[in-house]
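Asker: here you go, sequence then predicted model.
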Amino acid sequence: MRRPSVFVGKDPEKEFRYGSRNWLLHARYVRGEHSMCLDLADDLQKNADNTHRYAHYVKGLVYADAGRHQEALERFHSCIRLQPSDPEPLKQVAKSLSCQGRYQLSLEAYLEADKLTKHPDSDIYCALAECASNLGQIERGVEWARAAVQAGGGERAGALLARLLLASGDTIGASEAYDQAITMHACGADTLAAAGALRLRAGAPREAFQLLGAALAQQPSQHAAALALAAMMLQHRDLDAALARLKAALSAHPTCVAAHSNLGLALMAKKKYVAALTCLQRAVWSAPLSARAAHNLGLALLLCRRPASAFCRLATAAALQPRQPYTVLLIGIALERLGDARADAAYARAAALAPGDALVRLNRAGRLARSGHAGKAVEEARAVAEILQREKPDAQLSSSLATLLALLRDAGVQLSDLPDHLPCANTPDDLPEDDMTADEV
């Protein structure tokens, strides 16, 4: 904290007598002795006829720390009246306005403080970037963040620039900003975890693993890094290690919806159904308006052969996110298991939402075949074969399509229009790795 100079009066003896106690005022503030600090500030103000600028300043800091931002603003304005050329009280005014959600006024105050500073101030530029971001001016925020980096803002400026570039859709620029920040500065666990998650989404698992591991080595309770590492381990079917990471994430953040959801799916893969349903239910309780949490719980209930309960959860997920094809597909499966005729409409809706998804179209083909519509099932199977020929081969989908075609042949259906050979699929060991974000399974 920068301590502004104190001007008590023209009498040097009086100025020394009252100004020399600033060190005690500062020491009590930084030690957290706020009550004693306020008493001392009031005493200094009485002796200085309410013109002790540093006492006003420290009282404003104490009020701001306590969340009493309006009273803090009054103290900082008193400092500004006593010495208008000092930018520090003006910066604190802008900070208090930002805490109150008054971002436009905060932006203007920071601009005034920038005019008063004799040298580029990275703190002001970072604050301007954050205010512009909160006002929806992402491009302007990126410009201020770049100015903060050039002014020597360190890790804070670099991480802020990366976040704003990522918000503007510039993934490559955000990755380069994180690289520069990590190379030039000793970054903390939060920055390393954010850079690792970005690497994971960009399809660089090796670099992501190194960054996330460094974040956890520095701060074992960093739940974002633990979630991302758990996602990587689930992708490679290392369930035990993923469970350990997810439990660590929950110990640091007990209400984390993604951790509860992923933990439930990992337990489901280990066939611990009761524990899995408990975790997924906690995720729904923690975030009742999360479509993903409701979707995952509905999937688990469907796997546990509870289609009625699954339908209720999946309907909630579809209401929150109507254009998610896999949720609609699961609704169709649940309705089919319940013997409800509306299953055909759900399958058709899922296929309409994702006409190029082989999994959705294959499930609809199976439903048409089971309901006696062999001709339409053949058309869907032909569409699935064309999709698999265009995209990368998938061993499981190719095998399922072959099984469906064999059943249709056994039923006497003519399959002359379909290709004789399905797309050659890789073995599971040769399949390329899919991207997986920190809160997806």
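Answerer: All right, it came through fine. Since the structure is predicted, the reported quantities are computational estimates derived from the model, not experimental observations. Residues are numbered from 1 along each chain as shown.
Asker: tell me where the stretch 51-200 of the chain has helices.
Answerer: Using DSSP state H, counting those that start in this stretch, the helices of the stretch 51-200 of the chain run over 53-65, 69-82, 87-99, 103-116, 122-134, 138-150, 154-167, 171-184, 189-201.
Asker: closest one to residue 211 among the ones you listed?
Answerer: helix 189-201 (3.4 Å; CB to CB). Bear in mind the C-beta positions are built from the backbone N, C-alpha and C, glycine included.
Asker: let me know the angle separating that closest one from helix 171-184.
Answerer: For helix 189-201 against helix 171-184, the angle by axes from the mean of the first three to the mean of the last three CA atoms, to 10 degrees is 140 degrees.
Asker: ramachandran coordinates for residue 304?
Answerer: phi -90, psi 10 (degrees, to the nearest 10).
Asker: not counting residues beside it along the chain, what's closest to it?
Answerer: Nearest non-adjacent residue to residue 304, counting by CB to CB, 6 or more residues apart in numbering: residue 273, 5.5 Å away.
Asker: and that neighbour, how far from residue 302?
Answerer: Noted for residue 273: a distance of 12 Å to residue 302, by CB to CB, to the nearest Å.
Asker: who has more neighbours out of those two?
Answerer: Taking other CB atoms under 10 Å, residue 273 and residue 302 do not tie; residue 302 has more neighbours (20 against 15).
Asker: residue 336 is in contact with that one, correct?
Answerer: No - with contact defined as CB atoms under 8 Å, residue 302 does not reach residue 336; the gap is 10.8 Å.
Asker: packing partners of the helix or strand where residue 300 lies?
Answerer: In this assignment (DSSP states H and E), residue 300 forms part of helix 291-303. Helix 291-303 is packed against helix 257-269, helix 273-286, helix 307-320, helix 325-337, with contacts defined by 3 or more CB pairs under 8 Å, 6 or more residues apart in numbering; DSSP states H and E.
Asker: quick one: the last one to helix 307-320, angle?
Answerer: Angle of helix 325-337 versus helix 307-320, following the same axes, to 10 degrees, is 150 degrees.
Asker: how about low-confidence regions in the chain?
Answerer: 1-20, 393, 412-441 (pLDDT under 70).
Asker: domain ranges for the chain?
Answerer: When the chain is parsed with automatic domain parsing, its domains come out as 1-116, 119-187.
Asker: looking at these, which is buried most?
Answerer: domain 119-187 (a mean of 19; mean count of other CB atoms under 10 Å).
Asker: quick check: end-to-end length of that one?
Answerer: By CA to CA, to the nearest Å, the extent of domain 119-187 from end to end equals 25 Å.
Asker: measure how far that domain is from the centre of its chain, please.
Answerer: Centroid displacement of domain 119-187 relative to its chain, using CA atoms, centre = their mean, to the nearest Å, is 17 Å.
Asker: what of stretch 21-31?
Answerer: Here stretch 21-31 shows a centroid-to-chain-centroid distance of 39 Å under the convention CA atoms, centre = their mean.
Asker: please apply the same query to stretch 373-382.
Answerer: For stretch 373-382, the distance from its own C-alpha centre to the chain's C-alpha centre is 42 Å (CA atoms, centre = their mean).
Asker: tell me the buried residues in that stretch?
Answerer: Across stretch 373-382, burial judged by 16 or more other CB atoms under 10 Å covers 377, 378, 380, 381, 382.
Asker: my read is that the third one contacts residue 360, right?
Answerer: Same thing as residue 380. No - counting by CB under 8 Å, residue 360 is not a contact partner of residue 380; they are 9.9 Å apart.
Asker: find the residues that touch each one of the two.
Answerer: Residues within reach of residue 380 and of residue 360 at once, by CB atoms under 8 Å, 6 or more residues apart in numbering, are residue 351.
Asker: spatially nearest residue to residue 328 (excluding sequence neighbours)?
Answerer: Using CB to CB, 6+ apart, the closest residue to residue 328 is residue 350 (4.2 Å).
Asker: could you do residue 189 as well?
Answerer: Closest to residue 189 by CB to CB, 6+ apart is residue 219, at 3.6 Å.
Asker: what's the answer for residue 40, then?
Answerer: Nearest to residue 40 is residue 25, by CB to CB, 6+ apart, at 5.4 Å.
Asker: and if you look at residue 24?
Answerer: Nearest residue to residue 24 in three dimensions, chain neighbours excluded: residue 40, at 6.5 Å (CB to CB, 6+ apart).
Asker: which residues does the one you found contact?
Answerer: 21, 24, 25, 28, 55.
Asker: run the last query once more with 7 Å
Answerer: By CB atoms under 7 Å, 6 or more residues apart in numbering, residue 40 lies in contact with 24, 25, 28.
Asker: just checking, residue 242 touches residue 235?
Answerer: No - in this structure, residue 242 is not within contact of residue 235 by CB atoms under 7 Å, at 9.0 Å.
Asker: of these two, which one has the most company?
Answerer: Between residue 242 and residue 235, counted using other CB under 10 Å, the more crowded position is residue 242 (25 against 17).
Asker: check which helix or strand that one maps to.
Answerer: Going by DSSP H and E, residue 242 is in helix 239-252.
Asker: show me the contacts for the nearest residue to residue 248 once chain neighbours are set aside.
Answerer: Once flanking residues are discounted, residue 248 sits nearest to residue 226: 5.0 Å by CB to CB, 6+ apart. Contacts of residue 226 were listed using CB under 7 Å, 6+ apart, and they are 216, 245, 248, 249.
Asker: could you find the closest non-adjacent residue to residue 316?
Answerer: residue 294 (4.6 Å).
Asker: ok, the one you found - contacts?
Answerer: Shown in contact with residue 294 (CB under 7 Å, 6+ apart): 284, 313, 316, 317, 320.
Asker: surely residue 209 and residue 231 touch.
Answerer: No - assessed by CB under 7 Å, residue 209 is found out of contact with residue 231, at 11.2 Å.
Asker: so which of those two has more stuff around it?
Answerer: The neighbour count for residue 209 versus residue 231, taken as other CB under 10 Å, is higher for residue 231 (25 against 17).
Asker: for the more buried one, give its distance to residue 242.
Answerer: According to CB to CB, residue 231 and residue 242 sit 8 Å apart.
Asker: likewise residue 360?
Answerer: When residue 360 is compared with residue 242 (using CB to CB), they lie 27 Å apart.
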